[in-house]
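Participant: give me coordinates for this.
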Amino acid sequence: MRAERVRVGETYQVRVPARLPYDRYPPDTTDPDSVLLHRRRRVRAGAGFELTVTDLPEPDGEHMVAGVLVAPHSRVRVELTDDQAVELGLPSGVGYVVNCALSDLTGTAVELMTTTPMTVPARRLHPPRPGGEAERP
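Facilitator: Numbers count the residues shown, from 1 in each chain. Predicted structure coming up:
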């Protein structure tokens, strides 16, 4: 899609090519969030997802749009306080994190919605059809 046709607040289908040029969008190795976003892009190679546009490119700039990816997940990360660690019989002052999948008492995964900011080329955006399916370019 051409960058000038993209509208802020609209949700578009993003089609990720099966082969992403690593050199074109390298991660900033000094920023953990940048490395994580780069890894997520690689995992999504050859797939598609919905992106809600939050910012448009400068008229003379690169044709990249900023947006938010909203997706369900079941992963939870909880940092324990020193008091919680002591209650569990762990030494205090160390710092603990619980990483796990959240499920209900029946074992069914609980889906939480998460938002991930990302920037994608405008040409990868496709408007959704009224039925929810993206149009073919």
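
Participant: the residue lying closest to residue 11 once chain neighbours are set aside: neighbouring residues, count only.
Facilitator: Spatial nearest neighbour of residue 11, chain neighbours left out: residue 52 (4.6 Å); criterion: Cβ to Cβ, 6 or more residues apart in numbering. Every residue, glycine included, has its C-beta placed from N, CA and C. The number of residues packed around residue 52, counting by other Cβ atoms under 10 Å, is 14.

Participant: show me what contacts residue 52?
Facilitator: Counting by Cβ atoms under 8 Å, 6 or more residues apart in numbering, residue 52 touches 9, 10, 11, 12, 67, 68, 70.

Participant: one more time with 10 Å, if that's ok
Facilitator: Counting by Cβ atoms under 10 Å, 6 or more residues apart in numbering, residue 52 makes contact with 8, 9, 10, 11, 12, 67, 68, 69, 70, 115.

Participant: out of those residues, which are buried?
Facilitator: Among these, the ones that count as buried by 16 or more other Cβ atoms under 10 Å are 12, 67, 69.

Participant: and the first one, what element?
Facilitator: Right, residue 12. Element membership of residue 12, judged by DSSP states H and E, is strand 11-15.

Participant: and what of residue 57?
Facilitator: Counting by DSSP H and E, residue 57 is part of no helix or strand.

Participant: quick one: it and residue 63 touch, right?
Facilitator: Yes - with contact defined as Cβ atoms under 10 Å, residue 57 reaches residue 63; the gap is 5.6 Å.

Participant: who touches both of these two?
Facilitator: What both residue 57 and residue 63 touch, as defined by Cβ under 10 Å, 6+ apart, is the set 3, 4, 6, 121, 122.

Participant: distance-wise, check the first one relative to residue 118.
Facilitator: When distance is defined by Cβ to Cβ, to the nearest Å, residue 3 is 16 Å away from residue 118.

Participant: and residue 88, by the same measure?
Facilitator: 36 Å.

Participant: no further queries at this time; thank you.
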